[in-house]
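1. Got a sequence here, can you model it:
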Amino acid sequence: MDEIQERTCSIFFYEGYLGVAPTVVTLIRTLENSGYRVIVFATQNSYPCVKILSHRVRILYLISGFNFPIISFFFKVIRKLGFESLALVLDFYLYFFQCLFKFIIQNQKSDSINIGIDTNGSIAALIKSRIFKQKMIYLSLELNEPSKYKNIANFLYRFENEALKLSELILIQDQDRFQVLSSYHNISNKQVIYLPNSLLINDKNNNCTLDHQNYFRNIFNLSEEDWPYLILHAGAIAQEFFSYEIAYAFSKLDQPYALIFHERKQRSHKESQILNIKKLNSKNMFLSLNPVDLSELYMIYSSAHIGLAFYRNDINENYSQIVKASGKLAEYLKYGKPVIVNDIPSLSKIVCQYGIGQIVKDPSSEVEFETAIATILADYDNYSKRALYCYQCEFDVSKNLQIFIHKLNSL
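-> Numbers count the residues shown, from 1 in each chain. Okay, here's the model as predicted:
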């Protein structure tokens, strides 16, 4: 990649969940390797922190009002009074003024470029770009519908619209998601680079030891004789991902399939959601509630035989257009793991196109799961080869990152 010396890139990531944001971490590492100094303005959150051991990268964790006890209590009060939009606005101001304070004490006037992530991040990047006459880039991770920003919070939507129009580039996962974003903000004429939600391949990815490949067998003491096949559901245990339906369906299976839920943030076995899912399946379900660093994800995905990627498509466009934004799907394929998905267009299309797995229409149906798993296992090697090929074609971000750095260097 082209190198450029002593330029700084500020990344405004209001949501702050770096530990489960492959796109952002990949972007940081690419910028760093290309000679940029990187400063990330994130907010404190319950997701794992990311380990970036470099003097060229600084991650500043700021306070979010929704996570700070006193302010959070105030927000709850005004939301109960019907002023939820006011809480969104006040929390943005809290984030931005913390960023502004950091600019002043760190003398960040010389920053060359600002990358704003989604609504609040892009507005912060826009304001800073205008103050210091700098250029900005918009990075989309989530698709926030305009209806989210009602009443006084509508100005956040309007400022995001301005940020998109003034951005030099838009980074987003795929064309389908860009079309949705464009319909929200009328930006179809913008220059776009597509970056699937995927980590770059490194040496660790391709050199997993046998012990790493047995990660789940080791922590749950699962023998190959008793549990020959491990089926992984990576990510949050929540209704949005049919977790409870899947747990119920597997409880009805007679085959020796171990269903493993691996969480993306720290969870407790005493939480009501966890207790509820345990009630549904005490037979063949295992809960991995301790997240790992992104640099150790290879142990998680290399340990399974089949990956599950289920999303509710009746919530909003953010879920229905999920395929290139699904970090778990990219990781399954990277390690040659066939997948089972639910029947939503964006997932079904890629599964059928590349022959990488099976589709289940009813996530609570043990019959559908049993058929899907048996079909994959009967031709596992070919499914695995197609999974690897699909990753190379659709989720390998390295080529587009080179294009991005080339364009960034020319700004």
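
2. which SS class is Gln358?
-> Secondary structure for Gln358, judged by DSSP: H, G, I helix; E, B strand; the rest coil, is strand.

3. number of nearby residues for it?
-> Using other C-beta atoms under 10 Å, Gln358 has 20 neighbouring residues. Glycine gets a C-beta too; all of them are placed from N, C-alpha and C.

4. so it makes contact with Ile376?
-> Yes - the criterion here is C-beta atoms under 8 Å, and Gln358 meets it with Ile376 at 6.1 Å.

5. Pull up the overlap in contacts between those two.
-> When C-beta atoms under 8 Å, 6 or more residues apart in numbering defines a contact, the residues bordering Gln358 and Ile376 alike are 338, 340.

6. how close does Glu245 get to Asp362?
-> For Glu245, the distance to Asp362 (C-beta to C-beta, to the nearest Å) stands at 8 Å.

7. ok, the two, which is more surrounded?
-> The neighbour comparison of Glu245 against Asp362 (other C-beta under 10 Å) goes to Glu245, with 18 against 14.

8. The helix or strand harbouring that one - contacts with which helices or strands?
-> Using DSSP states H and E, Glu245 maps to helix 243-251. Helix 243-251 sits against strand 229-234, strand 257-262, helix 272-280, strand 285-288, helix 366-378, with contacts defined as 3 or more C-beta pairs under 8 Å, 6 or more residues apart in numbering; DSSP states H and E.

9. And for Ser288, nearest residue in space, chain neighbours not counted?
-> Once flanking residues are discounted, Ser288 sits nearest to His262: 4.2 Å by C-beta to C-beta, 6 or more residues apart in numbering.

10. what's the spacing between the one you found and Asn151?
-> Taken as C-beta to C-beta, the span from His262 to Asn151 is 39 Å.

11. Now stretch 89-101: average pLDDT?
-> Mean per-residue pLDDT for stretch 89-101: 91.

12. Make a markdown table out of the helices and strands packed on helix 243-251 and add mean neighbour count, distance to Phe96 and mean pLDDT.
-> Shown next, in a markdown table, are the helices and strands packed on helix 243-251 (neighbours: other C-beta atoms under 10 Å; distance: least, C-beta to C-beta, whole Å; pLDDT from 0 to 100):
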| stretch | mean neighbour count | distance to Phe96 | mean pLDDT |
| --- | --- | --- | --- |
| strand 229-234 | 23 | 34 | 98 |
| strand 257-262 | 22 | 35 | 98 |
| helix 272-280 | 14 | 33 | 96 |
| strand 285-288 | 19 | 37 | 98 |
| helix 366-378 | 17 | 47 | 98 |
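
13. Tell me, what's the model's pLDDT at the residue lying closest to Glu240 once chain neighbours are set aside?
-> Using C-beta to C-beta, 6+ apart and skipping the chain neighbours, the partner closest in space to Glu240 is Arg312 (5.3 Å). Looking at Arg312, its pLDDT is 90.

14. again with Phe75
-> According to the model, Phe75 scores 84 on pLDDT.

15. Is it located within a strand, as I assumed?
-> No - under the criterion used here (three-state DSSP), Phe75 is helix, not part of a strand.

16. and it, what does it touch?
-> So Phe75 contacts 65-66, 87, 90-91 (C-beta under 8 Å, 6+ apart).

17. Repeat the analysis, applying 6 Å as the threshold.
-> Contact analysis of Phe75 by C-beta atoms under 6 Å, 6 or more residues apart in numbering lists 65, 87.

18. Over to Leu199?
-> Counting by C-beta under 6 Å, 6+ apart, Leu199 has contacts 22, 26.

19. what kind of secondary structure is it in?
-> State at Leu199, reduced to three classes by three-state DSSP: coil.

20. Start the count at 73 instead of 1 going forward.
-> In the new numbering, first residue 73, that becomes Leu271.

21. Read off the pLDDT value for it.
-> pLDDT recorded at Leu271 is 88.

22. With Asp190 as the reference, measure out to it.
-> Counting by C-beta to C-beta - Leu271 and Asp190 are separated by 20 Å.

23. just Gly429 next, same as before
-> Here Gly429 is placed at a distance of 30 Å from Asp190 (C-beta to C-beta).

24. Next: Asn348.
-> Applying C-beta to C-beta, the value for Asn348 to Asp190 is 31 Å.

25. ok, now Glu466?
-> Note on Glu466: its distance to Asp190, by C-beta to C-beta, is 23 Å.

26. Give me the three-state assignment for Asn186.
-> Here Asn186 is strand, with the state taken from three-state DSSP.

27. Quick one, grab the pLDDT at the residue nearest to it when sequence neighbours are not counted.
-> Leaving aside its chain neighbours, Asn186 sits nearest to Ala197 (4.0 Å; criterion: C-beta to C-beta, 6+ apart). Ala197 carries a pLDDT value of 96.

28. Please identify the helix or strand for Ala197.
-> helix 190-203.

29. And that helix, how far out from the chain middle?
-> On the basis of C-alpha atoms, centre = their mean, to the nearest Å, helix 190-203 sits 21 Å off its chain's mean C-alpha point.

30. repeat for stretch 120-136
-> Remark: stretch 120-136 is offset 17 Å from the chain centroid, using C-alpha atoms, centre = their mean.

31. quick one: the strands in the stretch 373-483 of the chain?
-> Here the stretch 373-483 of the chain has its strands, by DSSP state E, counting those that start in this stretch, at 378-381, 411-414, 429-432.

32. any chance of these in TSV, plus mean pLDDT and distance to Asn233?
-> TSV is the format used below for the strands of the stretch 373-483 of the chain (pLDDT from 0 to 100; distance: least, C-beta to C-beta, whole Å):
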stretch	mean pLDDT	distance to Asn233
strand 378-381	98	32
strand 411-414	97	33
strand 429-432	98	37
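
33. now those in CSV, with distance to Ile309?
-> CSV is the format used below for those (distance: least, C-beta to C-beta, whole Å):
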stretch, distance to Ile309
strand 378-381, 12
strand 411-414, 16
strand 429-432, 18
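
34. Thanks again, I'm all set now.
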